[in-house]
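**Student:** Model the following, please.
(chains A and B)
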Amino acid sequence: MKEHIPVVEHILSANDRIAAQNRTLLDENGVFAINLMASPGAGKTSLILKTFELLHPHVRIGMVDGDLASSIDAQKAQDKGITAVQINTGGNCHLDSVMLQFALAQIEFSEIDLLLVENVGNLVCPANFKLGTHKNILIASIPEGDDKPYKYPGMYRGVDALVINKIDLLPYIHFNMEYFQTGVEILNPGLITFPVSCTTGEGLPAWANWLQENIHV
Amino acid sequence: MHELAITQNILALACQYAQEAKAVRITDITLLIGELSSVIDDSVQFYWDMISADTLAAGSVLHFERQPACMRCDRCSRTYTLAESELICPYCQSVTVTILRGDEFLLQSIVVEKNATPSLLEPEAV
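**Tutor:** Below you'll find the model as predicted:
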């Protein structure tokens, strides 16, 4: 006997449920968390280190670093004095809410105000997996090219703010900012955007201010 | 690469619904995937055959319903699909558009087999 059962449930609803638990845990402990997503080499770790320089010691920062392998980035952060927890995803191309749940268990919440979660370098997969962080941030960078919003709409659709890194390279690279921003505007109207350079420091204070305002909301 | 994780989630969800319905086997699974969601059908199918082998869903067939992305221009109010234009309104070139469809990422339904129910012959459990 056959039976048709309607489901109509989001495929990643199990992930979303754990993400909601993560959020509750962060809220209960008064920690503001952001999920930093970008392609490899866009400047996720650089932005974390610069953010630390700008906000320390007024804001106490912790970091969760997701990578396929190695703890290079977490080590860089620890060398600076940032409390860092490494997650090796064992080949997985994204962090998911369960991985973050394990990482959160290793964090002393009373020692931090802001948790920066560095996702795996990838413009596709992380967009699908909510973690439970308060904000999802995308870092684009000039050398990636101006067509990325059109090629990775899912990622640009789902974020709360956009950092455009490496703007110091604009004179050397053909990057049509208007074309890029048009794509962003269609996918995510009014998206708050921070053009920055982690090398020269340009634009970073605005980013740091925005973070600080959000932490204290 | 995230197709494995997605496939595992589809399997868990489908088996959960099948168990709740006291089914003995899942024969068909229908997914609704929007054009703006990045999932590769072949890849999901490949993992599906591997990970569903020893479950209620062994041998089941995956059906992918693709939902084309559809936009409505906020200026001229006309609608168009991604195939017709690269997001920008093809009629008036406006960039203020609303995405109506294309984000879907759903397990729509499953078809299951049940043993012929003896409930007509036996008194129902209280």
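
**Student:** Show me what B:Arg25 is bridged to.
**Tutor:** B:Glu113 (DSSP bridges).

**Student:** Run a quick check on it versus B:Val61, I expect a contact.
**Tutor:** No - if you go by C-beta atoms under 8 Å, B:Arg25 and B:Val61 don't touch, sitting 11.9 Å apart. Where you see a C-beta, it was placed from the backbone N, CA and C, and this is true even at glycine.

**Student:** Give me the more crowded residue out of the two.
**Tutor:** It is B:Arg25, of B:Arg25 and B:Val61, that has more neighbours when counted by other C-beta atoms under 10 Å in any protein chain shown, with 17 against 13.

**Student:** which secondary structure elements does the helix or strand containing B:Ala12 contact?
**Tutor:** Taking DSSP states H and E as the definition, B:Ala12 sits inside helix B:3-20. Contacts defined by 3 or more C-beta pairs under 8 Å, 6 or more residues apart in numbering or on different chains; DSSP states H and E place helix B:3-20 against strand A:2-10, helix A:13-28, strand B:25-34, helix B:41-51, strand B:105-113.

**Student:** On the three-state scheme, the residue nearest the centre of chain A is what?
**Tutor:** Geometric centre of chain A, nearest residue: A:Leu36, 1.0 Å, by C-alpha atoms, centre = their mean. Here A:Leu36 is strand, with the state taken from DSSP: H, G, I helix; E, B strand; the rest coil.

**Student:** Distance check, it against A:Ile142.
**Tutor:** Distance, A:Leu36 to A:Ile142, using C-beta to C-beta, to the nearest Å: 18 Å.

**Student:** now swap in B:Gln93 and tell me
**Tutor:** Noted for B:Gln93: a distance of 25 Å to A:Ile142, by C-beta to C-beta.

**Student:** now do A:Ile48
**Tutor:** 19 Å.

**Student:** do A:Pro126 as well
**Tutor:** 21 Å.

**Student:** How about A:Asn35?
**Tutor:** Using C-beta to C-beta, A:Asn35 is found at 22 Å from A:Ile142.

**Student:** ok, now A:Leu131?
**Tutor:** A:Leu131 sits 27 Å away from A:Ile142, going by C-beta to C-beta.

**Student:** So in chain A, where's the weakest helix or strand by average pLDDT?
**Tutor:** Least confident helix or strand of chain A, by mean pLDDT, DSSP states H and E, is helix A:72-80 with a mean of 85.

**Student:** That one - contacts with which helices or strands?
**Tutor:** helix A:44-55, strand A:61-67, strand A:83-88.

**Student:** between these, which gets nearest to A:Val31?
**Tutor:** Taking C-beta to C-beta, strand A:61-67 is the member of the helices and strands packed on helix A:72-80 nearest to A:Val31, at 7.7 Å.

**Student:** ok so B:Met71 is a helix residue?
**Tutor:** No - under three-state DSSP, B:Met71 falls outside any helix and is assigned strand.

**Student:** Measure how buried it is and give me the count.
**Tutor:** So B:Met71, with other C-beta under 10 Å, has 23 neighbours.
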